[in-house]
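Participant: fold the following.
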Amino acid sequence: MVTAYIGLGANLDDPAGQVEQAMNELARLPESLLAARSSLFATAPVGYAEQPDFINAVVALETHLSPRALLEAMLDIEHRHGRNRTFRNAPRTLDLDLLLYGAAHFHEENLTLPHPRMHERAFVLQPLLEIAPLLTIPGLGRADTLLALCGDQSVHRHTPPLQMVEGAA
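Facilitator: Residues are numbered from 1 along each chain as shown. Coordinates of the predicted model:
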């Protein structure tokens, strides 16, 4: 089995629920085992700023699926969540990114590993380091060192709103 790291993000239609549900769907992929999942993190949008904040997370998936088969499964999950690719960095119901696939370092049509912008994004590196604190990104270096270079990006642990208990004063 190979360890793949997948980034999850959403900012439409109950983003925390979308990310949680997608984590459960990734856990049910064939020939795969969900090995770790980060906390949920709230982050400001990157690129197109006129949109709601995001909920982001990262999972580690032990898998026998090839990178291409895993990517296809991830795209299918996005599709089931209503992902609509209207323009780059647009608001979305769910975004799944294959960040790392073992030590793979290559570029094919529609698939580059490691993910080409992961080292520039605190919303990827913070949750990634939570589940893999000693991780080195092939060809780029230690994830903690890369996160330190993203110091101007705001990422904080998502705290869901308090639920009112019926009958409470």
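
Participant: give me the most central residue, this protein.
Facilitator: If you average the C-alpha coordinates of the chain and look for the closest C-alpha using CA atoms, centre = their mean, you land on residue 7, 1.6 Å from that point.

Participant: all the strands of the chain, residue numbers only.
Facilitator: For the chain, strands defined by DSSP state E occupy the ranges 2-10, 32-37, 41-43, 54-63, 95-101, 106-108, 111-113, 136-137, 141-142, 155-157.

Participant: partner strands of the longest one, with direction?
Facilitator: This points to strand 54-63. The pairing partners recorded for strand 54-63 under DSSP bridges are strand 2-10 (antiparallel), strand 32-37 (antiparallel), strand 41-43 (antiparallel).

Participant: any idea which of the ones you listed gets closest to residue 93?
Facilitator: Nearest to residue 93 among these is strand 2-10 (5.9 Å), distances taken as CB to CB. Any C-beta I mention is one placed from the backbone N, CA and C, and that applies to glycine too.

Participant: now the closest one: average pLDDT?
Facilitator: When pLDDT is averaged over strand 2-10, the result is 97.

Participant: now do it and strand 95-101, the angle between them.
Facilitator: Angle of strand 2-10 versus strand 95-101, following axes from the mean of the first three to the mean of the last three CA atoms, to 10 degrees, is 160 degrees.
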